[in-house]
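Enquirer: based on what follows, work out the 3D shape:
(one chain, ligands or ions: 1)
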Amino acid sequence: MNEKLNFIHGRRSIRQYTPETVDEQTIRSLLEAGMSAPSARACDPWRILVVTDRAKLDKLAEILPYGKMLRMAPLAFVVCGDLNQANSQSLSYLLQDCSAAIENILLAAHALGLGAVWLGIHPREDRVSGVKQLFGMPEEIIPVGAISLGHPAETKEARTRFKPEYVHYDQW
Ligand SMILES: Cc1cc2nc3c(=O)[nH]c(=O)nc-3n(C[C@H](O)[C@H](O)[C@H](O)COP(=O)(O)O)c2cc1C
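Expert: Numbers count the residues shown, from 1 in each chain. Next up is the predicted model:
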């Protein structure tokens, strides 16, 4: 692996955290990283809900079946898209833009020494409706994915899942 790309290969899903909170300046840096992602026609449909309330984090953990680590996390983002603002009001563009923002936030968290994991919401209808209800989101707002964040209490090896057979050159 190319050492210059350690910031990419070193990003791993971190699901255990210390009790330490994440400071406001760091939260702002993560949000800025998310909102520097590519976006179709720069429509920037992303809207990000920051969750630090313990009761809300615990409720989010109940809604997301593979999000139990939120009970230990001091912070979560719910990355949403505004369908009215997406390129051509297209759900596909919204999902692509928000996914790019989520990955940027994961990479930024890793670069800042935090641990994070992407928690799927869309397209699971029960998760989408549960999250919308919990946070009182309006109709046009679509929660795409959550990110559980905190100071890491586990370490994982840098890696790539590169497989040459997944690559085609010039012709399929
Ligand atoms: C769309 C999406 C949804 C995911 N949902 C969950 C989830 O609900 N819970 C979880 O623990 N990890 C979730 N993950 C993280 C993956 O399990 C993880 O990225 C994958 O196992 C590769 O491991 P790595 O992130 O350490 O490289 C999700 C990842 C993506 C891209």
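Enquirer: what's the longest helix along the chain in contact with?
Expert: Scanning the chain for the helix with the most residues, using DSSP state H, yields helix 91-111. Residues outside helix 91-111 that contact it (Cβ atoms under 8 Å, 6 or more residues apart in numbering) are 7-8, 10-12, 29-31, 33-40, 43-46, 48, 77, 79-83, 86-87, 115-116, 118, 122, 142, 144-145, 147, 149. C-beta: built from backbone N, CA, C; applies to glycine.
Enquirer: buried set for it?
Expert: By neighbour count, and taking 16 or more other Cβ atoms under 10 Å as the criterion, the buried residues in helix 91-111 are 93-110.
Enquirer: counting by contacts, list what the helix or strand following that helix packs against.
Expert: Remark: after helix 91-111, the chain's next helix or strand is strand 115-120, criterion DSSP states H and E. Judged by 3 or more Cβ pairs under 8 Å, 6 or more residues apart in numbering; DSSP states H and E, the packing partners of strand 115-120 are helix 91-111, strand 141-150.
Enquirer: tell me the bridge partners for residue 116.
Expert: residue 13, residue 149 (DSSP bridges).
Enquirer: check residue 50 too.
Expert: residue 77.
Enquirer: before we move on, back to that, ok, which of the helices and strands packed on strand 115-120 comes nearest the ligand?
Expert: With Cβ to the nearest ligand atom as the criterion, the ligand lies closest to strand 141-150 of these, at 5.9 Å.
Enquirer: which elements pack onto the closest one?
Expert: strand 75-82, helix 91-111, strand 115-120, helix 125-135.
Enquirer: who in the chain is up against the ligand?
Expert: 12, 13, 15, 64, 66, 67, 117, 118, 119, 120, 145 (Cβ under 6 Å from any ligand atom).
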